[in-house]
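Asker: the amino acid sequence is not available; the structure is as follows:
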């Protein structure tokens, strides 16, 4: 019996190995995604609504917008990889920018974390039903470049890592600005 149970704790994912109920390569992907998610949650821990909504650059994104985007992108890739359905790219959480600034604000951190957790639970349920051959399945979801499901979920993870870096930088800038008042 494997010692790992979902959801993974902050230390469970430090050894990338099998997870009961998941194909071996999918289990490894889940460990990596869990590590990334835990570091994202660590980066936003304790943020206030004001900090989540602060625009450092009038043309930029807020931390709250980036958290919504991380959840929205993962949900979109569930549709692409589990059902073969492209996401609605008009959704503010996928587009960000002006749409995000208009629609994504005034929510406490707990709401963003709840959404991230809900989406991740859906991802884990979908991945539980797949095998390692599914990861290798090739297709062209946008009608051009060929990729496989493994790449799709790597991209979800890569996108979260990139936005996590932005979140860390934004948090530092927000706190620096506040300390200079």
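Answerer: Arrived safely, thanks for sending. Keep in mind that what you see is a predicted model, and the values were worked out from it rather than measured. Residues are numbered from 1 along each chain as shown.

Asker: report all helices and strands that the lowest-mean-pLDDT helix or strand in the chain contacts.
Answerer: Using mean pLDDT, DSSP states H and E, the weakest-scoring helix or strand in the chain turns out to be helix 92-95, at a mean of 92. The contact analysis (3 or more C-beta pairs under 8 Å, 6 or more residues apart in numbering; DSSP states H and E) places helix 92-95 against helix 63-78, helix 97-103. C-beta coordinates here come from the backbone N, C-alpha and C atoms, glycine included.

Asker: got the angle between the following helix or strand past the last one and helix 63-78?
Answerer: So the one you mean is helix 97-103. Next along the chain after helix 97-103, taking DSSP states H and E as the criterion, comes helix 109-128. Going by axes from the mean of the first three to the mean of the last three C-alpha atoms, to 10 degrees, helix 109-128 is angled at 20 degrees with respect to helix 63-78.

Asker: average model confidence for helix 109-128?
Answerer: In this model, helix 109-128 carries a mean pLDDT of 98.

Asker: so, low pLDDT: which residues of the chain?
Answerer: Low-confidence segments of the chain (pLDDT under 70): 1-13.

Asker: follow-up on the earlier one: point out the most buried one among the helices and strands packed on helix 92-95.
Answerer: Mean neighbour count (mean count of other C-beta atoms under 10 Å) peaks for helix 63-78 among the helices and strands packed on helix 92-95, with a mean of 23.

Asker: tell me how many other residues crowd the residue nearest to residue 61 when sequence neighbours are not counted.
Answerer: Leaving aside its sequence neighbours, residue 61 sits nearest to residue 96 (C-beta to C-beta, 6 or more residues apart in numbering; 5.1 Å). Counted with other C-beta atoms under 10 Å, the neighbours of residue 96 add up to 19.

Asker: any idea how far the residue nearest the centre of the chain lies from residue 131?
Answerer: When C-alpha atoms, centre = their mean is applied to the chain, the residue found nearest the centroid is residue 70 (3.7 Å). Counting by C-beta to C-beta, to the nearest Å, the gap from residue 70 to residue 131 is 27 Å.
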